[in-house]
Structure formats: structure tokens, C-alpha cells
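>>> I'd like to go over a predicted model; first the sequence, then the structure.
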Amino acid sequence: PHFSVFALFGTSAIAADLSGVRVYPVPWKPGSGGPFDSAVVSGRTGLVFDRLPTEGTIRVFTLSGERVASLSIGAADAGTVVWDGKNRAGRSVASGVYFAIVESAGTRKTVKFAIER
């Protein structure tokens, strides 16, 4: 009975470079139910890497340099990748400080974060 126009508006989360890459929540406290519990993005819960370019990789390491996980960044991710906190064997990683190396188009940025279980 009436005429309506609907549209989606918002800013793009896709970045041109790695200068604005961020990770949250920090510290990540999965299952805590508080403000530092897992973030929800597109139905996935976990630690969020955002302001990413359309392609690249994220490699997560312990402080001792052991690689814990590798994540791919693709155009379908729309600038945001969610990590479930599991290592390459599929087990939840321990509490501690970790760092991630984000690489894209020949550039690299390192971000540090903590997990508290």
C-alpha cells in the first residue's frame, strides 16, 4: 500500500595497505562472557583481524617463534578475518602473548595480542 526504498550504507572494511591493521579483543578471554570474550563477525566467533587488504596471509606465532596458525586473506573476507584460537593440530592454544605477521603485496606488519583462558 506504500512505496519504500531500502539501501545498505556503510564504510568499507577493506584497506589499501597494512597501516591500519588491528586485532581485537585484547586480551582475548574466550568463554568469559565479558567485554573481552570472542567477537562475532559474519556468524564466526573468535579473535578478529580487520582493516585488511583483499589478499595476503596472517601467520600467528608464540613468543618463542613457534608457528601456531596460518590464515589466508581473500577478497571474500571483506577486510576481516576471524581466528578461532586453534593451532595447526586443531587444539585450543594456551594462555599467553602471541604475535601475528600480516603480509600483503610485499609488505609486512606485526601485531601483538594476548589470550587468557
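Now that the structure is in, tell me what you want to look at.

>>> The closest residue to residue 72 other than its chain neighbours: neighbouring residues, count only.
Of all residues not flanking residue 72 in the chain, residue 57 sits nearest, at 5.9 Å (C-beta to C-beta, 6 or more residues apart in numbering). No exception for glycine: its C-beta is placed from N, CA and C like everyone else's. Per other C-beta atoms under 10 Å, the neighbour tally for residue 57 reads 15.

>>> Contact partners for residue 57?
By C-beta atoms under 8 Å, 6 or more residues apart in numbering, the contact set of residue 57 is 70, 71, 72, 73, 102, 103, 104.

>>> among those residues, who's most crowded?
Most neighbours among those, by other C-beta under 10 Å: residue 102, with 23 neighbours.

>>> tell me which element it is part of?
strand 96-104 (DSSP states H and E).

>>> That strand pairs with which strands, and in what direction?
Applying DSSP bridges, strand 96-104 is found paired with strand 56-62 (antiparallel), strand 107-115 (antiparallel).

>>> and that strand, how far out from the chain's middle?
Strand 96-104 sits 10 Å away from the centroid of its parent chain (C-alpha atoms, centre = their mean, to the nearest Å).

>>> Give me the residue at the spatial middle of the protein.
Per C-alpha atoms, centre = their mean, the C-alpha nearest to the average position across the chain is that of residue 49, at 2.2 Å.

>>> Next one, pLDDT for it please.
Residue 49 carries a pLDDT value of 96.

>>> quick one: it and residue 4, what's the gap?
Separation of residue 49 from residue 4 (C-beta to C-beta, to the nearest Å) stands at 37 Å.
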